[in-house]
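[1] Quick one, what's the 3D model for this:
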Amino acid sequence: DETTLQYSVAIFCVIIAAIGSYFVYDGKIWKRLLRALGIKKKKGDQTPSTSNGGSKPPVSPVNEKPAPIPEPVVEDDIEKDDPFPEGEEDYELTPYPFDGPDTRRNLMLQKDGTRIRAATLFKLVEKLTTPDEAQRGTAQYTPAFLLTYRSFSTPEQLLKFLMLRFMVPEEMPPHSNLNPIIPATDPTERVLIRSSSSDTNPIPSSPSALSQSNPSGIPPPPIPPKITPPDWKTHRKHVQLRVWYVLKEWTTNHWYDFDHPELVKLYTDFLEIHMLPEYKKLTEQLLAIVRSNDQSTPSYSRKHKRVGSFNAPESLDPQIQESMGLLDIPALEMARQLTLIEYQLYTHIQPKECLNQAWSKKGEDAPHVIELINRFNQISAWVISSVVKEKNLSARISIVRQFLDIARACKALQNFNSMMEIIAGLMSSSISRLEQTWSGVFATEEERAEFDAEFTSLFTRNYKILRDAVKQSQPPCLPYLGVYLSDLTFIEDGNPDTFRMGKLINFEKRTMIFKVIENLRIYQSKEYQLFPVDSIQAFLRTVMLEKQLNNNETYAESLICEPRKKK
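    You can find the predicted model right below:
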């Protein structure tokens with residue numbers, strides 16, 4: 001009947017629309033269509049050339065096959081294995097597994113063709129220590145690698161890889177891919193010339209000649225700027241100097257990685273036995289840094305200034321009382337002491353604590369992050385318990401006002417972490433429902449609206465207002481740690497660790513993590529200039545030791561303060 005026909009037409013249109021959107025997605029119409037039909041391009045098939053009227057592609061005038069040009073990486077294939085063809089050697093299994101050709105089996109570039117998306121560990125270390133800066137794709141490659149490598153390697157393994165990289169053979173290994181570049185016909189283009197042991201291989205000197213030796217039409221990978229013909233001895237020296245530079249950066253900025261005496265001994269033995277004979281002055285610099293670091297505690301915060309008292313404002317020290325309470329302490333001074341305590345914890349956070357969501361796992365991989373998280377929860381619980389335990393309405397109003405004044409003082413100090421601790425407690429269900437209390441806190445509806453605009457909005461739109469406030473702040477500043485942990489969790493959960501069946505490390509993911517950790521580290525270097533007040537800090541230590549009410553208990557106390565209204 002007519003109704004059935006209409007339903008059938010509607011269903012058919014929905015199916016056609018779904019299929020169309022699937023094939024059009026990301027512009028890969030024909031590839032998806034062919035794959036859906038089960039049609040695959042056979043290995044060795046070539047696209048017919050249009051220059052000779054659609055006839056067979058031109059045959060190379062030599063019997064030997066031209067040097068293969070790596071195929072561009074197709075994103076649809078990143079999860080597929082790509083084994084070596086029979087008889088082809090994996091140079092990463094040779095005694096010196098570096099300076100080999102970049103292929104789809106060991107390297108994947110981002111869409112811009114310059115920055116590294118994924119690679120094997122050997123290739124990542126090779127790019128880290130190559131003399132050619134362009135091969136790293138970005139100036140952030142070295143700091144990003146040294147800050148995040150613990151998520152896919154260990155300090156001992158990295159040190160051994162760098163030691164192996166330093167041992168460049170005196171003779172160029174057969175798999176070396178150092179190739180000169182000569183000008184092409186068009187001065188804006190450059191053609192990669194691949195060295196060959198055979199003189200029968202012609203050297204293509206223009207794009208047309210290259211197309212004849214590469215009839216598949218696959219474009220070559222991005223080519224670095226023009227270089228001189230390879231001089232292996234010069235290359236060897238430049239690589240070794242680059243290894244020295246990486247070791248210097250690692251030793252100077254990340255000494256916390258050398259937390260085992262055995263690792264320090266392995267490092268110093270390598271410097272004294274292998275590097276010192278060839279680079280005496282440079283090696284002595286490294287040994288001096290090692291000795292200097294080794295005499296102190298290998299702590300990340302060691303190189304940062306401790307919280308000082310230079311040009312500090314005069315403290316508002318309350319008179320010490322045996323039963324000193326919250327209302328006896330000036331809100332501004334309470335905010336200052338919270339800032340001093342929590343900033344110390346913040347500066348002790350090491351980059352390795354932010355990798356692989358270490359704070360959410362059992363163990364001691366993120367002690368300082370966990371300590372700051374626990375403190376946040378304890379202070380928030382203290383705020384809630386302090387309010388609901390007070391059954392006198394007037395006193396309860398005074399307590400809420402005191403916490404609001406402390407939160408505003410923390411905001412003025414750019415201590416957003418302590419501010420969020422307090423606001424999170426005040427916005428809990430146990431306190432937000434206390435209508436009589438809040439009516440006493442705010443004299444007018446305008447004051448309540450100002451509170452909502454100032455604090456309630458901080459939790460919306462992925463903390464956008466809070467992020468903007470931190471960006472506009474100049475150190476000293478104590479950001480809200482939860483923003484960074486939220487970003488790191490999003491990156492970790494939304495991106496795979498590896499591609500190609502685990503063979504390629506997803507370095508693009510590590511670069512994103514590096515940017516978050518760098519934002520966190522910006523505010524670890526400049527201290528707050530405030531005087532510690534022992535009596536207030538002792539009071540806050542007592543708060544941290546007290547057992548606070550849990551959520552069910554605080555809500556029950558809240559109902560006693562202000563029972564539900566009868567309908």
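[2] Any regions of the stretch 151-300 of the chain where pLDDT drops low?
    Applying pLDDT under 70 to the stretch 151-300 of the chain picks out residues 178-230, 296-300.
[3] what kind of secondary structure is the closest residue to residue 349 other than its chain neighbours in?
    Leaving aside its chain neighbours, residue 349 sits nearest to residue 368 (4.6 Å; criterion: C-beta to C-beta, 6 or more residues apart in numbering). Every C-beta, even on glycine, is put in place using the N, C-alpha and C of the backbone. When classified by DSSP: H, G, I helix; E, B strand; the rest coil, residue 368 comes out as helix.
[4] Touching, residue 504 and residue 152? I think so.
    No. Using C-beta atoms under 8 Å, residue 504 is not in contact with residue 152, being 10.6 Å away.
[5] quick one: which of the two has more around it?
    It is residue 504, of residue 504 and residue 152, that has more neighbours when counted by other C-beta atoms under 10 Å, with 24 against 19.
[6] For the more buried one, grab phi and psi.
    Dihedral angles of residue 504 (phi, psi; degrees, to the nearest 10) stand at phi -110, psi 130.
[7] and it, what is it in contact with?
    106-108, 118-120, 498 (C-beta atoms under 8 Å, 6 or more residues apart in numbering).
[8] repeat that with 7 Å
    Residue 504 makes contacts with 108, 118-120, 498, as judged by C-beta atoms under 7 Å, 6 or more residues apart in numbering.
[9] Can you select the buried ones among those for me in PyMOL?
    Selection of buried members from those for PyMOL, criterion 16 or more other C-beta atoms under 10 Å:
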select buried, resi 108+118+119+120
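[10] Reformat the contacts of residue 504 into CSV and put secondary structure next to each item.
    Below are the contacts of residue 504 laid out as CSV (three-state DSSP):
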residue, secondary structure
108, strand
118, strand
119, strand
120, coil
498, strand
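[11] could I get the contacts of residue 504 as CSV with distance to residue 405 and pLDDT?
    CSV is the format used below for these (distance: C-beta to C-beta, whole Å; pLDDT from 0 to 100):
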residue, distance to residue 405, pLDDT
108, 55, 93
118, 52, 96
119, 54, 95
120, 57, 95
498, 51, 95
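[12] what are the ranges of the strands in the stretch 51-200 of the chain?
    Residue ranges of the strands in the stretch 51-200 of the chain, as given by DSSP state E, counting those that start in this stretch, are 107-109, 116-119, 181-183, 190-192.
[13] for the longest one, packing partners?
    To tie it back to what came earlier, the one meant is strand 116-119. Applying 3 or more C-beta pairs under 7 Å, 6 or more residues apart in numbering; DSSP states H and E, one finds that strand 116-119 contacts strand 107-109, strand 504-506, helix 507-522.
[14] neighbouring strands for that strand, and are they parallel or not?
    Strand 116-119 pairs in its sheet with strand 107-109 (antiparallel), strand 504-506 (antiparallel), by DSSP bridges.
[15] Turn those into JSON lines, columns for distance to residue 128.
    As requested, the strands paired with strand 116-119 are exported to JSON lines (distance: least, C-beta to C-beta, whole Å):
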{"stretch": "strand 107-109", "distance to residue 128": "13"}
{"stretch": "strand 504-506", "distance to residue 128": "12"}
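[16] Worst mean pLDDT among the ones you listed?
    Mean pLDDT is lowest for strand 107-109 among the strands paired with strand 116-119, at a mean of 93.
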